[in-house]
Each structure stands twice: as structure tokens, then as C-alpha cells.
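1. Here is my input; please provide its structure:
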Amino acid sequence: MFHVKQTVPHKVLVVTGPTASGKTKIAVNLAKQLNGEVISADSRQIYRHMDLGTGKDIAEYGETPYHLIDILDPKDSFSVSQFQSLALRSINEITSRGRLPIVCGGTGHYIKALAQNYSFPFVAHNPYLNQSLEQLPYPTLYSYMAHLQIKGPCDSKRRMARLIEKALSKPVNEVQPPTTITINPLIFVIQPNRLQLRGQIKLRLKERLSQGMVAEVESLLTHKVTADRLKSFGLEYRWITEYLNHNINYEEMETSLYNAICQFAKRQETFFRYMQKSGVQMNPLLDTNATAKAVTKWLQ
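-> Modelled structure (predicted):
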């Protein structure tokens, strides 16, 4: 195992932006020019068998090494702190090979935790309590959350149970990032024209539907991933599951999904602005070649 003996922060390039803005293609092009490897910062691409729905675009990587993609089963849970731990480990390994780590993804919380070196309160997991809570009806879970003054997503029993479990547990200590390394990130954010982005979202959605995205979701349901669990992933998995359960027709599914993705992209852009205001330097990414030159200068 490679052990960091120096205190100099590892330089890390970050490419982020809203969904369908072309992050993967840009990150791969930069990796080729800068001798880099890509670390995914996408909260859903870590899961196996979820390819079209998460827009993995594996073919775009070619011979470029990538990390934190296809590492978990869809039934597994994953947190921001786990991402931070694995990303730091990947950064350590990539740097030890004399290559540039390039973090690429649109999950803002992941990028913010990495850039600002978060520490997380440790709350032990109680599987028995969690399983018991998941068996309760939704109205009871809603009542518990209201009583405990918990705010959070209520789109699945799994999420609600975990939020209640955390509220009933007390933090034991503060867990620092699991390695001694620190990073010096240079963050570029893609800022597409809003109308252009909506067009790209529509085009990509139609392409993925024609490539078999509905069949992918159907296969996941067949292999005993529950409907509630799939819907908790949101967007494609929520609306296609509703369609497969005959709650909406195909046209309603496609229209609702398109609108939901557009709204999601807008929320991502809002979060990036929030990151900027909270002290994270966000540089606009306008041209790949110009960015590569700027990064080369920064590395020197």
C-alpha cells in the first residue's frame, strides 16, 4: 500500500456541471492530455446494472482508467462520507503512479465534501431497528418524523427508516477523513445555455429509451430490487417504475421524466452557486483546450 509521507496537498482537477452537459467526454479528453485518471462523483453510477438510467457512458472512457463506477449492488447503501473515503484513497493511488486525479460528476454534496475536507459524525447502524421501522406503514413513519422534527426525503421507507434511526442515535465522535492526505482542488464547472441544455436532455433521454432503459429497470425489478428501492434513486428509476407498475402510460412517463430531469439540472446549478458563495472556487469551463493549458500551468 502506498503511504503518503509528505504534507504537500495532492493537486486534483474537478470537472462538474449539470446532467447532460457533457462532463464525461470533457474529463476523458482532459485525462488524455494531462496523463490523468477519472474518479466518478456520481451518487448512482457506483451501482452495478444501472447503466442507461445513470448515463454511465462507459464507452467514452476508452483506455482512460476510471474509478468508483460499478462497485456496489443496487441493494447496498452509500453515503457522502463513504464517497469521501474512497475518493481520497483513489486520489492517493493515482498520485502515487505519477498521474493526475480528475474528479468528474454532478453530485454537488460529494464534491463539496471532498473540496472542503468534511468530517462526519459517526452514528452506529442498528439493522434490527432499521428493519423494524421499514415494516411500518407510511403514515406511522411520517408521524415519527414529524414528532422527531426530522426533515429529509420521504420517497421510500428505507430512507425514512434510516433518518429516524439516526435521529434516535447519538453521535459517538467526529470521524476525520480516513487518510492523512489533503487535496488542493482546481474546480471547473460547465455552464451551458439553459435552452441548449434542455435540448440535450431531451435528445439524451430519447436515445437512452431507444437503447433499452425501460428493459434495464424491468430487469432490476425482476432480480429482486424492490420498487421502493428503485424509486428512491429518483428520476429515471422512479418514473419508469411507475410506468411498469401501470400507474402511468408511456407518454406520461416520458414527459414527466423529461420535466423531472430539467428540474434536477436546475437544482444542480443552484447548488453550484451555493458552493461558490460558501467559499469553494468554481471556475467556468468554456473550452477543453484552454482548460488543459490552464491546468498545465497550475500543475507547474
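2. those strands in the stretch 51-200 of the chain, which residues are they?
-> 66-67, 100-104, 120-121, 174-175, 183-190 (DSSP state E, counting those that start in this stretch).
3. Including mean pLDDT and mean neighbour count, could those go into CSV?
-> All C-beta spots, glycine's among them, are computed from the backbone N, C-alpha and C. Supplementary listing: the strands of the stretch 51-200 of the chain in CSV, determined by pLDDT from 0 to 100; neighbours: other C-beta atoms under 10 Å:
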stretch, mean pLDDT, mean neighbour count
strand 66-67, 98, 20
strand 100-104, 98, 25
strand 120-121, 65, 15
strand 174-175, 44, 12
strand 183-190, 97, 20
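4. out of those strands, nearest to Leu86?
-> Closest approach to Leu86 among the strands of the stretch 51-200 of the chain is made by strand 66-67 (8.0 Å; C-beta to C-beta).
5. The closest one packs against which elements?
-> Counting contacts by 3 or more C-beta pairs under 8 Å, 6 or more residues apart in numbering; DSSP states H and E, strand 66-67 packs against strand 36-40, helix 80-96.
6. Return the member of those having the minimum mean pLDDT.
-> Lowest mean pLDDT within the helices and strands packed on strand 66-67: helix 80-96, a mean of 94.
7. If I take it and strand 183-190, what angle do their directions form?
-> With axes from the mean of the first three to the mean of the last three C-alpha atoms, to 10 degrees applied, the angle from helix 80-96 to strand 183-190 works out at 100 degrees.
8. okay, the angle between helix 80-96 and strand 100-104?
-> Going by the same axes, to 10 degrees, helix 80-96 makes 150 degrees with strand 100-104.
9. which stretches of the stretch 201-300 of the chain form strands?
-> 283-285.
10. Where do the helices of it begin and end?
-> 213-222, 227-232, 235-244, 250-277, 288-299 (DSSP state H, counting those that start in this stretch).
11. now for those helices, which one comes closest to Arg158?
-> Closest among those, using C-beta to C-beta: helix 227-232, at 6.1 Å.
12. other SSEs contacting that closest one?
-> For helix 227-232, the packing partners by 3+ C-beta pairs under 8 Å, 6+ apart are helix 157-168, helix 213-222, helix 235-244.
13. The first one: how far from the chain's middle?
-> This points to helix 157-168. Distance of helix 157-168 from its chain centroid, counting by C-alpha atoms, centre = their mean, to the nearest Å, is 21 Å.
14. Same check on the last one?
-> Centroid separation for helix 235-244 versus its chain: 19 Å, with C-alpha atoms, centre = their mean.
15. And this protein, what are its domain boundaries?
-> 10-121+173-299, 127-168 (automatic domain parsing).
16. ok, and the helix or strand in this protein with the lowest average confidence?
-> strand 174-175 (a mean of 44; mean pLDDT, DSSP states H and E).
17. before we move on, what SS does Val14 have?
-> Three-state assignment for Val14 (DSSP: H, G, I helix; E, B strand; the rest coil): strand.
18. Just give me the neighbour total for Asn92.
-> Neighbourhood size, Asn92 [other C-beta atoms under 10 Å]: 19.
19. Equivalent analysis for Tyr118, please.
-> 15.
20. Which of the domains of the chain has the highest mean neighbour count?
-> domain 10-121+173-299 (a mean of 17; mean count of other C-beta atoms under 10 Å).
21. end-to-end on that domain?
-> One end of domain 10-121+173-299 to the other measures 10 Å (C-alpha to C-alpha, to the nearest Å).
22. Okay, now the unreliable bits of the chain?
-> 1-7, 120-128, 169-180 (pLDDT under 70).
23. same thing but 80
-> 1-7, 119-132, 135, 147, 151-155, 165-180 (pLDDT under 80).
24. In space, what's closest to Thr54 - neighbours in sequence excluded?
-> For Thr54, ignoring the flanking residues on the chain, the nearest one in space by C-beta to C-beta, 6 or more residues apart in numbering is Arg44 at 4.3 Å.
25. Could you measure from that neighbour over to Phe264?
-> In this view, Arg44 and Phe264 are 12 Å apart by C-beta to C-beta, to the nearest Å.
26. do Leu299 as well
-> Counting by C-beta to C-beta, the gap from Leu299 to Phe264 is 33 Å.
27. Gln276 now?
-> For Gln276 relative to Phe264 (C-beta to C-beta), the value is 19 Å.
28. again with Tyr250
-> Tyr250 is 21 Å from Phe264, by C-beta to C-beta.
29. what's the answer for Ser132, then?
-> Relative to Phe264, and taking C-beta to C-beta, Ser132 is found at 33 Å.
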